[in-house]
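Asks: I'll drop the sequence and a predicted model, then ask my questions.
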Amino acid sequence: MSDFIEDVVDSVIKPKNSKLFIKWLIRGSIVLITFAFIFGQIKIAHLNRLNSIEKSVNENIKATNELRKEIKSSINEVNSSIDKIYEDGSKIFENYQKHNKKQLELIIDYGSTNKELLKKVLEINESENNGFVEKQIIDAKSKINKNLSITIHHIDKDTVK
């Protein structure tokens, strides 16, 4: 073992061999440093692109979730407005049917005895009912929320980066 150590020390200490060994050591280290630098630069550039893609995907997911919530709330508002319109229309139609029933009862009761009085009563009832129905329609229209809208936000590709 001591012979091996002496041989290594003699070969390194000798001027001719030590210069060659130092040259190869310096060349090898320069090549390894260069390779490590280039590899690091490529890896950093690749990771930066992946980070920007990940950031863009996260922003798109967030915008999609916000849009989904906004659409859901808007759809619920529209559905409630449609339900309200249906209910108001049903009430108005029911009142109209009741009015027609009363008109027919008047015709049956007084149709053969006093026709002039019957015409006047029917005209008065019709004008009152038209005013009542018109008032109900105006009230129903005023209760409808006319500010329902869905907004779409444009995302620029510059803001995504």
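Replies: Right, received. Where do you want to start? Numbering: from 1, shown residues only.
Asks: Ile30: how many residues sit nearby?
Replies: 10 (other C-beta atoms under 10 Å). Glycine gets a C-beta too; all of them are placed from N, C-alpha and C.
Asks: Distance of it relative to Lys43?
Replies: In this view, Ile30 and Lys43 are 20 Å apart by C-beta to C-beta, to the nearest Å.
Asks: do the same with Thr34
Replies: To Lys43, Thr34 is 15 Å away according to C-beta to C-beta.
Asks: just the strands in this structure please.
Replies: Ranges of strands in the chain, per DSSP state E: none exist.
Asks: so where's it uncertain?
Replies: Low-confidence segments of the chain (pLDDT under 70): 1-2, 4-19, 110-112, 114-115, 117-118, 129, 133, 140-141, 143-161.
Asks: and if we set it to 80?
Replies: Where the chain drops to pLDDT under 80, the residues are 1-24, 45-48, 88, 92, 95-96, 98-161.
Asks: Which parts of it are helices?
Replies: Ranges of helices within the chain are 2-13, 15-110, 115-143, 157-160, based on DSSP state H.
Asks: The second one packs against which elements?
Replies: Looking back up the chat, that one is helix 15-110. If contacts are counted by 3 or more C-beta pairs under 8 Å, 6 or more residues apart in numbering; DSSP states H and E, helix 15-110 sits against helix 2-13, helix 115-143, helix 157-160.
Asks: now the angle from the longest one to helix 15-110?
Replies: Helix 115-143 and helix 15-110 meet at an angle of 170 degrees, taking axes from the mean of the first three to the mean of the last three C-alpha atoms, to 10 degrees as the criterion.
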